[in-house]
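Engineer: Generate coordinates for the sequence data below:
(2 chains)
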Amino acid sequence: MRQILHIDMNSYFATVEQQANPKLRGKPVAVLGSHAKRTIIVAASVEAKKFGVKTGTRVEEAPLLCSNIVFVHGEPRKYAHVTKKFIEIFEDYTDRVEIFSIDEAFLDVTKTAKLYGGAENIANEIKRRIRSEIGEYITCSVGVASNKFLAKTASDLMKPDGLVVVTPENKDEILLGLPLSEFCGIGRRIHQRLGALGIHTTLDLRNISNIILNKEFGIATGEKLKRMAYGLDNSPVTSWHDRADAKSYSHGRTMNKDVTDMNEVRKHILLLSEKVATHMRKDDMMGMEVGLWLRFKDFTGTGKSMKIGKWTHDGLEIADAANVILRQLDIRQPIRAIGVYVGRVQRLTNVPVSLLPEDKLNDKILSAMDSVNKRYGTNVVTRARLTGVKIKEIVSGMGRDKF
Amino acid sequence: MYNTINQKIKMMALFDGGKIIPKVFKWQNRDYKVKEISICYEEREGRSINYYFGIETADGNVMKLRYNDEKLTWWLDEIWSD
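Structural biologist: Residues are numbered from 1 along each chain as shown, chains lettered A, B, ... in the order given. Alright, predicted model coming up:
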């Protein structure tokens, strides 16, 4: 039987801020996504959550829910460093550590548990080491089970600072007592569709015929749902060192104020394209599909993508393609947010090399820019058109390259 | 909230087996003793590294300090005020 740990850092960014500042401990704290005026809350402390403040709550809404809420601007480098530290701790116990999200990881300790007195002992030791080596205020909830689905389900059962072990004896008790909306993999829409089929409990899901389930959701999802009802999951823990290449690269941002000036929009498109391109070059990737999305003042949105007919990781080429899309979009309202993405990406080694002299020269220029920026800091050299335009740090999580 | 200061400070620190431990610093003609380092983290900036320290002073101030390993300089970045 496999032995899997799911470790979930509790109220992660907020707890790290409370660790960094003893005066925030025990107080309702909300971490803001950026220094922009119209940001959202990206993390709420345990104390703030009690008042209904949560990730995604708008800044102006939070004081209405909790009058003494304390706002703190997020600092991505701080969280990246802490994440790196806890991954180092996890890797002391197994080489199979899968980073599931910024604040969650799976550990497969099947082969190593015996060395440390069992999986539960590893869980306790990790909790102790996080406290002593990273910070006394930083806690995590751990689920221990025979597969990833059950381990994640278990870690959600006791927060903060919990430890729940799923055994063959208590597995059914846990699953049958859990609302389907709490299952990892059952989102709002699947939950609604299950409800429409008369499936409201785990027992309902177990009893429903496979034919009905597969007809509604398709065979893959139908069978997955059925297996979840019985706590079955054979998906492997994939080490983050062996993770697959990204399928697309994107960057987006919310404007400080709604924008109607298309020159300003184009400047931001170029800046976002440069960020996407820099990220792709760092990963040795190129793409040949460019997309642009816009969100308007009333939160409706539009977007489109197009194939560009050549492989690129040049911000200028990406921006040119995005500007073509911009002209095709129906824009009747001020723009609140802009995003650029590049899809159909491939490793450089799988992409035909351009022999055109202008492409070779361009590659040399980009490579020189990257070298200077690597040595002296991000954006030391940039496009002249972008002088004076800045994207502030956005605390949206942890990029693939940050730890 | 954190108030941005971003001023150079004179620091007495211990460099101990790969660890940097700020001890006492002078800012605006006043000495501050570091009572507790609540968090430390680092970020590479080009070829240099900035080391950040969330600290509490003996007189109860919460501050963020920064040390740059290329310039060999310490800064007081921020002070917390309730």
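Engineer: CA only for contacts and neighbour counts going forward, please
Structural biologist: Noted.
Engineer: mind listing the strands for the chain?
Structural biologist: By default, I'm working from chain A. Counting by DSSP state E, the segments of chain A that form strands are A:4-9, A:29-32, A:41-44, A:70-73, A:97-101, A:104-108, A:140-145, A:163-165, A:249-259, A:285-296, A:301-312, A:335-347.
Engineer: that's the other chain; I wanted chain B
Structural biologist: Taking DSSP E as the criterion, chain B carries its strands at B:2-16, B:19-27, B:30-45, B:48-57, B:62-68, B:73-80.
Engineer: Show the pLDDT at the residue nearest the centre of chain B.
Structural biologist: In chain B, the residue lying closest to the centroid (Cα atoms, centre = their mean) is B:Leu65, at 2.2 Å. According to the prediction, B:Leu65 has pLDDT 97.
Engineer: Is it in contact with B:Trp75, as I believe?
Structural biologist: Yes - contact status for B:Leu65 versus B:Trp75: in contact at 5.7 Å, counting by Cα atoms under 8 Å.
Engineer: Excluding chain neighbours, give the residue nearest to the residue nearest to the centre of chain B in space.
Structural biologist: Residue nearest to B:Leu65 in three dimensions, not counting chain neighbours: B:Leu76, with 4.7 Å by Cα to Cα, 6 or more residues apart in numbering or on different chains.
Engineer: Quick check: that neighbour touching B:Ile9?
Structural biologist: Yes - applying Cα under 8 Å, one finds B:Leu76 in contact with B:Ile9, separated by 6.3 Å.
Engineer: Which one's more surrounded, the two?
Structural biologist: Comparing B:Leu76 with B:Ile9 by other Cα atoms under 10 Å in any protein chain shown, the one with more neighbours is B:Leu76, at 22 against 19.
Engineer: residue contacts, that one?
Structural biologist: B:Leu76 makes contacts with B:5-9, B:63-66, as judged by Cα atoms under 8 Å, 6 or more residues apart in numbering or on different chains.
Engineer: how about a cut-off of 10 Å?
Structural biologist: The contact partners of B:Leu76, taken as Cα atoms under 10 Å, 6 or more residues apart in numbering or on different chains, are B:4-10, B:25-27, B:52-53, B:63-67.
Engineer: are any of these buried, and which?
Structural biologist: Among the contacts of B:Leu76, those scoring as buried are B:8-10, B:25, B:52-53, B:63-67 (criterion: 16 or more other Cα atoms under 10 Å in any protein chain shown).
Engineer: List, one by one, the residues from chain B near chain A.
Structural biologist: When proximity is defined as Cα under 10 Å from any Cα of the partner chain, chain B approaches chain A at B:1-2, B:36-48, B:52-56, B:60-64, B:80-82.
Engineer: So among these, which ones count as buried?
Structural biologist: The buried subset of the residues of chain B next to chain A - by 16+ other Cα under 10 Å - is B:2, B:36-42, B:52-56, B:61-64.
Engineer: For the stretch 51-200 of chain A, what lies in contact range of chain B?
Structural biologist: Where proximity means Cα under 10 Å from any Cα, the interface of the stretch 51-200 of chain A facing chain B comprises A:70-73, A:77-82, A:85, A:134-137.
Engineer: Just the buried ones from these, in PyMOL syntax?
Structural biologist: To isolate the buried members of those in PyMOL, using 16+ other Cα under 10 Å:
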select buried, chain A and resi 70+71+72+73+77+78+79+80+81+82+85+134+135+137
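Engineer: Kind regards, and thank you for your time.
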